[in-house]
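Participant: I would like to see how this sequence folds:
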Amino acid sequence: MARREARQIAMQLIYQYEMGGDGIASTIEETIEGPSLTTSDREYIDQVVLGAVERAQDLDARIAAHAQGWTLERIARVDLAILRLALFEMFYREDVPTGVAINEAVELAHAFSGGKAASFINGILGTIAREVESTPLAEAAPIAEEAPDAQGERAPAALPAEERG
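Facilitator: Here you go, the predicted structure:
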């Protein structure tokens, strides 16, 4: 399975959880069963879904700070799921360059959202990326040092984008 497909499943799981899934672990298990998932796909999906859900408060604070004229309650749930996934990748996945996270989020918005969602998402993520790039490391907002692994255990997180060098 291509990473793009795994990312799409991850976004759908984040959305499903946001809309009232029974529990994130059971939601993942019920949704991603199937022969097309590789171990790598499963690990990626587990990490980004669990991480985005666990860090929703921090991710939402970043979104709210840059969604000029919008409250989180007004943002479509699918757009919020896309934003959370992209921000988690930007800050916690060293294997996903910031530009890729943004571009993939825009593609998800084109596929799953309507109207001007892609521009809205691109604007928020682009602003956050530029802000992080221009902020000296000493002044950067603290990023958690741990991320959940596939079993929900704590494991070292990927370096935030500003520390990737």
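Participant: please pull out the lowest mean pLDDT helix or strand from this protein.
Facilitator: Lowest on mean pLDDT, DSSP states H and E among the helices and strands of the chain sits strand 154-156, with a mean of 39.
Participant: next, count neighbours for residue 6.
Facilitator: The burial count assigned to residue 6 is 21, neighbours taken as other CB atoms under 10 Å. C-betas here are computed from N, CA, C, even on glycine.
Participant: pLDDT score for it?
Facilitator: Looking at residue 6, its pLDDT is 89.
Participant: I'd guessed it sits against residue 44; true?
Facilitator: Yes - with contacts counted by CB atoms under 8 Å, residue 6 reaches residue 44, the gap being 5.2 Å.
Participant: which ones are touching residue 108?
Facilitator: Residues in contact with residue 108 (CB atoms under 8 Å, 6 or more residues apart in numbering) are 7-8, 11, 82, 85.
Participant: residue 83 too?
Facilitator: 59, 63, 75, 105, 121, 124-125.
Participant: and what of residue 8?
Facilitator: Contact analysis of residue 8 by CB under 8 Å, 6+ apart lists 108, 111.
Participant: centre of the chain versus the stretch of helix or strand it belongs to, how much separation?
Facilitator: Secondary structure here is read from DSSP states H and E; on that basis residue 8 sits in helix 3-18. In terms of CA atoms, centre = their mean, to the nearest Å, the centre of helix 3-18 is found 9 Å from the chain centre.
Participant: show me where the chain has helices.
Facilitator: With DSSP state H as the definition, the chain shows helices at residue ranges 3-18, 24-31, 39-54, 56-66, 77-92, 98-112, 117-134.
Participant: wait, which of the contacts of residue 83 is closest to residue 89?
Facilitator: residue 105 (8.4 Å; CB to CB).
Participant: how about that closest one, nearest residue that isn't a chain neighbour?
Facilitator: Among residues not flanking residue 105 along the chain, residue 86 sits closest, at 3.7 Å (CB to CB, 6 or more residues apart in numbering).
Participant: residues near residue 124, how many?
Facilitator: Other residues near residue 124 come to 25 when the count uses other CB under 10 Å.
Participant: just checking, it touches residue 65?
Facilitator: No - distance between residue 124 and residue 65: 9.4 Å, which falls outside the contact criterion (CB under 8 Å).
Participant: dump the residue contacts of residue 126.
Facilitator: By CB under 8 Å, 6+ apart, residue 126 lies in contact with residue 102.
Participant: from residue 53, how far out is the most centrally placed residue in the chain?
Facilitator: The residue at the geometric middle of the chain, judged as the C-alpha nearest the mean C-alpha position with CA atoms, centre = their mean, is residue 85 (1.3 Å). Between residue 85 and residue 53 the computed distance is 10 Å (CB to CB, to the nearest Å).
Participant: all good on my end, thank you.
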